[in-house]
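Student: Fold the following, please.
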Amino acid sequence: MRKLGVVLIAIWTSWVFSDTALAGKRVALVIGNSAYKNVNRLKNPASDATAVAAMFKRAGFDSVDSKLDLGVTDMRRALREFGNRTRDADVAVIYYAGHGIELDGSNYLIPIDATLETDTDVLDETFALDRVLVAAEPAKQLRLVILDACRDNPFAKTMKRTLGSRAIGRGLAKVEPSSPNTMIAFAAKAGSTASDGDGKNSPFATAIVDHLAKPGLDLRKAFGFVRDDVLKATNNTQEPFVYGSLGGNDVPLVPATAMPTVSAPVDQDATMRRDYEFALQISSKPVWDAFIEKYPAGFFTALAKAHRDKLAAEVARVEATNKAKAAEEEKTRLAIEGAKAAEQAKAAEQAKAAERARVAAELAKKAEDAKVVEAERAKTAAMTKAAETKAAEEAKAAAEKKARDDKLAALAPTDTQPDQRTLTDTPRLLQAELRRVGCHTGSIDSNWNGVAQKSLDLFNKSAGMKLDVKVASVDALDAVKSKTERVCPLICEHGFKADGEQCTKITCRSGYEISDDNTCEKIEVKKPTAKREEPRAKRGSERAQAISEPSARPHASGQYVCNTGGCRPVAQGCHLGEVSPPGNSRVKITGEVCN
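Tutor: Here you go, the predicted model:
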């Protein structure tokens, strides 16, 4: 029977631990440098590296080396050892969080003990990005380097320049990998810096953990999701960037079969659940020990420990029962054989102690049984709640999709009335939109008249477009709708100026008046000139002549000029003609021209 148990354990162990062999060998090196000795400590790299390393382990990587706060010697050793591990690997990934620097177009990673007093120290105290790529070079299928090192670098501010022509850039410089199937991801595109954010992890590291290890997701698409998340988290101030190229096939970091998607939060790994159910069928201490060794943390790990403790309690109970039975038998034997009273008393005491131990073992066994029952109950409740949550989310998503589909269906014109919008609604809608952008001041109705056509022509001139003004088309409506601000300039009458979306009266200080060009100019006071006294009879004849002859002064022409404030007669000495709005000499409109 014992041999059979050993065989079952061997079969189960080989079956449980054989899944990772189905995928190519994947190795990862994770470095987080926070505790810099010669500049201020960085807040997030250590926690970012810890989160990324945990992600790679959950993704089933064969080897994950997590290194924190490396000096130059330790960093050199880590790269050398990782290079040895990539020789038989299919996928090699290096993640670095910390300070980096760009010098003369090349990128360097900075250990925590660097001083960088001069620009030439960069060559001695840091690691070129090319050296990092060499460590990943032997991998057969994919080489991925992720650099969360685009922070604002304090070394660059204090570093002495030995050559005035030597350039030290902001952030990292653009790279072009020379090896095929190599990708280099920056937390921020070349020449810009990245944010550490306000949380425990930087926005870039958070997005990496969320998307990079999704089973079956192509790397290029995963980094696209990372870019979107970081832009949203930083209000479009930080844009991650990826350099390099891959082939036409999808290249997921985690195969689709490596981490199946499951529904319940307590069921994060279907393989773990399957192994737990198989171990439950055998339910022996060696099997539970093997399960806990493979899965050191997780919901099913807690259940496995409860079952193992239950078995241990049962063994202790059996041993205590046997000891109590043996003690009682010894007591009876001594009584029968007529042993001395002291020996019988000692045997009786041992029997009582053994009985107490048996009772305690029974109670411990019952307590462990209760723990297992409670753990199973919690598991069932959690899985039920997770299933209900998923069902509610699916119902919500279905309702939102139906609402979007209904909205699109309502917006789409029907086949029976394809031209109804163009014939009835479009002229009115187009005039309303032209008024919104400041190009239409007339009334709004369903007629596409000359005033509306002139308004669309003014829009064309102001927006630099060539829409057909003779018809109110859907294309014209969409073009005007696309403008979010005023397009046509606000034209104000004489004595008023444009102030935002309205005309305000121009006020001149004392002694000044508004000129023809709407500016304030000083009033010239003409001194009276002495005139020679003419004969009273001559002055009387001139007055009579002025009364009898028509006046030679010009009168209003009968023309009117209109603007946003209304219409008024054309001023004396002026006429209608083409003028340009203030600040836009390319546009011509009909207005008042005064000589």
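
Student: Every contact and neighbour count from this point should use C-alpha atoms.
Tutor: Will do.

Student: Kindly tell me how buried Thr249 is, as a neighbour count.
Tutor: I think there's a mix-up here, since residue 249 is Asn and not Thr. Applying other C-alpha atoms under 10 Å, we find 7 residues neighbouring Asn249.

Student: residues making contact with the stretch of helix or strand Asp289 belongs to?
Tutor: Assigned by DSSP states H and E, Asp289 falls within helix 285-294. Here helix 285-294 makes contact (C-alpha atoms under 8 Å, 6 or more residues apart in numbering) with 9, 13, 275-276, 279, 301, 304-305, 307-308, 311-312.

Student: show me what contacts Lys160?
Tutor: When contacts are taken as C-alpha under 8 Å, 6+ apart, Lys160 is in contact with 117-119.

Student: Quick check: phi and psi at it.
Tutor: With angles defined as degrees, to the nearest 10, Lys160 sits at phi -80, psi 140.

Student: for Thr332, same thing?
Tutor: The phi/psi pair for Thr332 (degrees, to the nearest 10) is phi -60, psi -40.

Student: what does Glu319 give?
Tutor: phi -60, psi -40.

Student: and Tyr108, that one's in a strand?
Tutor: Yes. Applying DSSP: H, G, I helix; E, B strand; the rest coil, one finds Tyr108 inside a strand.

Student: show me what contacts it?
Tutor: 100-102, 122, 126-129.

Student: and the residue nearest to Asn518 when sequence neighbours are not counted, how many neighbours?
Tutor: Leaving aside its sequence neighbours, Asn518 sits nearest to Gly495 (C-alpha to C-alpha, 6 or more residues apart in numbering; 5.9 Å). Around Gly495 there are 18 other residues, counting by other C-alpha under 10 Å.

Student: Can you name the residues that contact Gly495?
Tutor: 505-506, 514, 518.

Student: and if we set it to 10 Å?
Tutor: Applying C-alpha atoms under 10 Å, 6 or more residues apart in numbering to Gly495 gives the contacts 503-507, 513-520.

Student: can you give me phi and psi for it?
Tutor: Dihedral angles (degrees, to the nearest 10) for Gly495: phi 90, psi 0.

Student: on that earlier part again, out of the contacts of Gly495, which end up buried?
Tutor: Buried members of these, scored by 16 or more other C-alpha atoms under 10 Å, are 503, 513-514, 520.

Student: how close does the residue nearest to Ile523 when sequence neighbours are not counted get to Leu68?
Tutor: Of all residues not flanking Ile523 in the chain, Tyr512 sits nearest, at 5.3 Å (C-alpha to C-alpha, 6+ apart). To Leu68, Tyr512 is 75 Å away according to C-alpha to C-alpha, to the nearest Å.

Student: Over to Lys57?
Tutor: 17 Å.

Student: residues contacting Gly577?
Tutor: 588-594.

Student: Three-state assignment for the residue nearest the centre of the chain, please.
Tutor: By C-alpha atoms, centre = their mean, the chain has its centre lying nearest to Asp229, at 1.2 Å. Counting by three-state DSSP, the backbone at Asp229 sits in helix.

Student: Show me the beta-bridge partners of Ile94.
Tutor: Beta-bridge partners for Ile94, by DSSP bridges, are Leu29, Val145.

Student: how many neighbours does it have?
Tutor: 23.

Student: I'd say it and Glu137 touch.
Tutor: No. With contact defined as C-alpha atoms under 10 Å, Ile94 does not reach Glu137; the gap is 11.1 Å.

Student: Now do the shared contacts for these two.
Tutor: What both Ile94 and Glu137 touch, as defined by C-alpha under 10 Å, 6+ apart, is the set 143-144.

Student: which residues of the stretch 201-350 of the chain fall in strands?
Tutor: Under the criterion DSSP state E, counting those that start in this stretch, the stretch 201-350 of the chain carries strands at the ranges 241-245.

Student: okay, and for it, where does confidence drop off?
Tutor: 257-269, 339-340 (pLDDT under 70).
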